[in-house]
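Q: Can you look at this prediction? I've put the sequence above it.
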Amino acid sequence: MFDILWRSVAIGLGGTVLMDLWAFLLFLAAGQSRPNWAPVGRWFWHLRTGKVFHEDIGKAAPYEHELALGWICHYAVGILYGILLIVFTGPSWLAAPTFLPAWILGIVTVGAGWFLLQPGLGIGWAASKLPNANTVRLLNLVSHTVFAAGMYGTALLIR
């Protein structure tokens with residue numbers, strides 16, 4: 001059981017690390033702004049009070065360690081997705097990983113961002129309040145595909 005758990009955690013970490021490297025590459029190559037995990041940390045901090053949806057997370061009371069909390073939550077969610085991948089595929093996937101299940105989970109998890117996190121931050125369902133909503137949506141899909149590739153690649157490395 002521990003073997004399955006550590007592999008699941010590693011798969012989630014691997015996917016998250018590759019996703020972050022992808023974001024850094026976009027920053028270097030295309031001038032794309034880097035992810036700011038402070039608003040996400042603030043959002044998670046406010047969840048403890050039962051507040052899920054904000055008009056503008058920037059107007060919510062700040063939390064001193066929100067950037068650190070945002071990074072921690074970003075990686076915790078990635079680990080959770082790695083565990084969910086193995087829950088849904090079964091431990092046999094670890095012996096013979098394939099990309100399709102990881103990609104399906106990666107695309108499905110975009111929904112958490114579009115329908116929970118983004119409205120929670122106050123930027124609307126699927127970033128609908130942003131002037132570049134379609135670009136954000138496309139980047140979300142691509143980033144989660146990269147996340148899936150990272151989970152798959154990590155699974156190949158540790159099988």
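A: Great, that's in hand.

Q: Please enumerate the helices of the chain.
A: 2-30, 38-47, 66-89, 92-95, 99-112, 118-121, 133-158 (DSSP state H).

Q: Of all those helices, which one is nearest His54?
A: Checking these against His54 by C-beta to C-beta gives helix 118-121 as the closest, at 6.3 Å. Quick note: C-beta positions are derived from backbone N, CA and C, even for glycine.

Q: From the contact counts, what lies against that closest one?
A: Here helix 118-121 touches helix 38-47, going by 3 or more C-beta pairs under 8 Å, 6 or more residues apart in numbering; DSSP states H and E.

Q: Correct me if wrong: Pro91 contacts Met1.
A: No. Here Pro91 does not reach Met1: they are 9.3 Å apart, not a contact under C-beta atoms under 8 Å.

Q: thinking again about what came up before, of all the helices of the chain, which one comes closest to Asp56?
A: When those are compared by C-beta to C-beta, helix 118-121 sits nearest Asp56, at 8.1 Å.

Q: Go through the closest one and flag the buried ones.
A: 118-121 (16 or more other C-beta atoms under 10 Å).

Q: and Pro91 and Met1? which has more neighbours close in?
A: Pro91 (13 against 6; other C-beta atoms under 10 Å).

Q: picking up where we left off before, got the helices of the chain as JSON lines, with distance to Asp56 columns?
A: JSON lines is the format used below for these (distance: least, C-beta to C-beta, whole Å):
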{"stretch": "helix 2-30", "distance to Asp56": "23"}
{"stretch": "helix 38-47", "distance to Asp56": "10"}
{"stretch": "helix 66-89", "distance to Asp56": "15"}
{"stretch": "helix 92-95", "distance to Asp56": "41"}
{"stretch": "helix 99-112", "distance to Asp56": "20"}
{"stretch": "helix 118-121", "distance to Asp56": "8"}
{"stretch": "helix 133-158", "distance to Asp56": "16"}
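
Q: Phe53 is nearest to which of those helices?
A: Closest approach to Phe53 among the helices of the chain is made by helix 118-121 (5.5 Å; C-beta to C-beta).

Q: And the contacts of the closest one?
A: Contact partners of helix 118-121, identified using C-beta atoms under 8 Å, 6 or more residues apart in numbering, comprise 39-40, 43, 52-54, 57, 124-127.
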